[in-house]
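Asker: 3D, please:
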Amino acid sequence: MRFDIPTDHKKIRARIRSYERKLEKDIIEFGGMAGDGYGKRYLLIPLYLIDGDLQGALNAYDWLKNNFKENSGDCFNDFCTILLFYRTDRIKDAIKKIIDVIFENKYVIPNFLDGKPIPSSEFVYEDPELSPSTIYMPQEYINLWNNNEIEWLRNIYNNEYILQTLEKYSKREFRKSREIQNELRKYLFDKLNLN
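Answerer: Okay, here's the model as predicted:
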């Protein structure tokens, strides 16, 4: 399955405006994301990045953070947010977002670094029956990254503390516990001086 991502500036801007209007309407009608079944909130930052508008992407990030506090996250959106933070010199935030992505879907970053398809759910690997209906990361998101940015991501991802945490987290029982995830996240934040 695939997203329909515009590449023309005018079409990207029209899509962004359309999503922002619908999300503002959801806030008024539902007090949040109750009406956002399509996940429009997860497409704003990537669309701004594809259009080359870092300030627009930062504004969207802040607006979403303030208006959708119960947001559980999306690994593709968060993957693009890593790049946004890196490009705007918010390196600690970028590393924290890498950690978020690892806990959302442990295959996103290694598959990206290895040039493999990136599924929206890590459970595709545990249940091959899910493969036909799986959404994969759009190529447009992958194409955003240049070689220097990829190398930076590779260096962070291959940090000994992150690799040790991944080894612990790979056990299924760890993934089921939000408490254990929070402990591992705190451990990484401490070890990587992100507090």
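Asker: centre-most residue in the protein?
Answerer: D78 (1.7 Å; CA atoms, centre = their mean).
Asker: list the buried residues of the longest helix seen in the chain.
Answerer: Of all segments of type helix in the chain, defined using DSSP state H, the longest is helix 9-30. Judged by neighbour count using 16 or more other CB atoms under 10 Å, the buried positions of helix 9-30 are 12-13, 15-16, 19, 23, 26-27. (C-beta placed from N, C-alpha, C; glycine too.)
Asker: check stretch 143-156 too.
Answerer: Under 16+ other CB under 10 Å, the buried positions of stretch 143-156 are 144-145, 152-153, 156.
Asker: that older thread, tell me which helix or strand comes right after the longest helix of the chain.
Answerer: helix 44-50 (DSSP states H and E).
Asker: what mean pLDDT does that following helix have?
Answerer: For helix 44-50, mean pLDDT is 96.
Asker: could you export that helix as CSV, CA atoms only?
Answerer: Provided in CSV are the C-alpha atoms of helix 44-50 (Å, rounded to 0.1, in the frame of the first residue of the first chain):
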residue,chain,number,x,y,z
LEU,A,44,2.0,17.8,7.7
ILE,A,45,5.7,17.7,8.7
PRO,A,46,6.8,15.4,5.9
LEU,A,47,4.9,17.5,3.3
TYR,A,48,6.6,20.7,4.6
LEU,A,49,10.0,19.0,4.4
ILE,A,50,9.3,17.8,0.8
